[in-house]
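Dropping the sequence and predicted coords here.
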Amino acid sequence: MHRNVTETALAFVNRQSKIEVTITSIALVFVLGWVDIKTGLEVHLHFLYVLAIALASWFVNRRAGIYIAILCDLVVLAADVIGGRQYSSRWILYWNFFMRGGLFVFVALALSQLRSKFDTLSDLASRDLLTGLPNSRAFYDITSREIDKASGHQPLSLAFLDVDGFMWINHRFGYATGDQMLCMIAQTIKQNVPRPELVGRVGGTAFAVLLPNVTSQDAGAILEKIQKELKEERRKHAQPVSFYISAIACAKAPRSIAELMHEAESRMTRMKGSSKDTFEIAQVDTLPVLN
């Protein structure tokens with residue numbers, strides 16, 4: 001339960017804009033300063049100030065984290081002065097100010113650097129290393145968010161594209177040639193869709209494309225153009241491969257991406273037993289519910 005609450009809180013913050021997170025961090029600092037004054041000189045709230053710094057450093061950027069760290073140091077200083085804290089020497093006040101500020105800035109720098117490393121690793125984990133497209137898991141996450149945004153009110157299409165004949169290419173010309181063709185296919189798809197970030201590699205020779213807020217007629221035109229471009233590339237390279245495209249068009253976005261992907265994959269399986277270079281787009285109003 002604690003994990004679910006934490007994940008929900010982090011997801012909520014991630015959905016906020018950087019300006020909103022920055023304003024929240026600044027407000028938190030001043031609230032802590034007010035509490036610092038009210039609680040008197042015997043209670044220290046330095047750890048809570050670090051939370052405000054972490055919020056800005058992790059969810060905004062390094063510069064915001066540093067600015068919030070400096071603001072925290074100034075607010076703590078003001079709370080000490082307003083609260084009447086006495087020092088045997090003014091130099092102690094300065095020493096505490098700079099040491100505390102240095103620690104706050106260090107926390108901001110460390111957390112922003114950690115976030116940068118985290119983002120890099122997350123990107124590597126979610127990318128197909130050969131084509132640079134989102135991998136199967138990342139594509140599922142991205143498309144799930146798109147369906148949530150559609151809220152069941154906008155048209156949406158999902159297309160699966162698979163390629164037959166790669167085994168012959170790999171054996172005849174080597175795996176490097178096969179890899180080059182996969183990259184060519186990925187680039188061709190990306191160049192012919194409205195939103196290239198919604199293209200993923202979901203299998204060895206399988207690709208998926210989500211077309212949100214696109215009618216079935218427009219989706220059909222986009223996919224036919226993709227197949228035409230792929231056939232032209234095949235002709236240039238004289239490679240004996242076949243392209244299969246299976247698409248599902250919904251007048252309203254389904255409840256989950258899993259239902260859409262399951263239906264598209266099922267139709268793709270049946271399609272590959274038919275003639276080569278097949279393209280189908282089916283208008284589906286009700287998808288089977290997956291348990």
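All right, it came through fine.

Report the spatially closest residue to the residue most central in space within the chain, excluding sequence-adjacent ones.
The C-alpha lying nearest the average C-alpha coordinate of the chain belongs to Ile142 (CA atoms, centre = their mean; 6.4 Å). In this structure, Ile142 finds its nearest non-sequential neighbour in Pro134, 6.0 Å apart by CB to CB, 6 or more residues apart in numbering. Yep, even glycine has a C-beta here, placed from its N, CA and C like the rest.

so how many other residues sit close to that neighbour?
The local packing of Pro134 (other CB atoms under 10 Å) involves 23 other residues.

just the strands in the stretch 101-250 of the chain please.
Using DSSP state E, counting those that start in this stretch, the strands of the stretch 101-250 of the chain run over 156-164, 199-201, 206-212, 242-250.

Could you dump those strands into JSON lines and include mean pLDDT and mean neighbour count?
As requested, those are arranged in JSON lines below (pLDDT from 0 to 100; neighbours: other CB atoms under 10 Å):
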{"stretch": "strand 156-164", "mean pLDDT": "90", "mean neighbour count": "24"}
{"stretch": "strand 199-201", "mean pLDDT": "94", "mean neighbour count": "26"}
{"stretch": "strand 206-212", "mean pLDDT": "92", "mean neighbour count": "23"}
{"stretch": "strand 242-250", "mean pLDDT": "89", "mean neighbour count": "23"}
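
For Trp95, which of the ones you listed is the nearest?
Among the strands of the stretch 101-250 of the chain, strand 199-201 comes nearest to Trp95, with 55.4 Å by CB to CB.

Centre of the chain to that closest one, how far?
14 Å (CA atoms, centre = their mean, to the nearest Å).

Likewise for stretch 233-248?
On the basis of CA atoms, centre = their mean, the separation between the geometric centre of stretch 233-248 and that of its chain is 30 Å.

Bridged to the residue nearest to Ile142, which residues?
Each beta-bridge partner of Pro134 is listed here: Arg127, as defined by DSSP bridges.

pLDDT averaged over stretch 121-135 - what is it?
Regarding stretch 121-135, the rounded mean pLDDT is 90.
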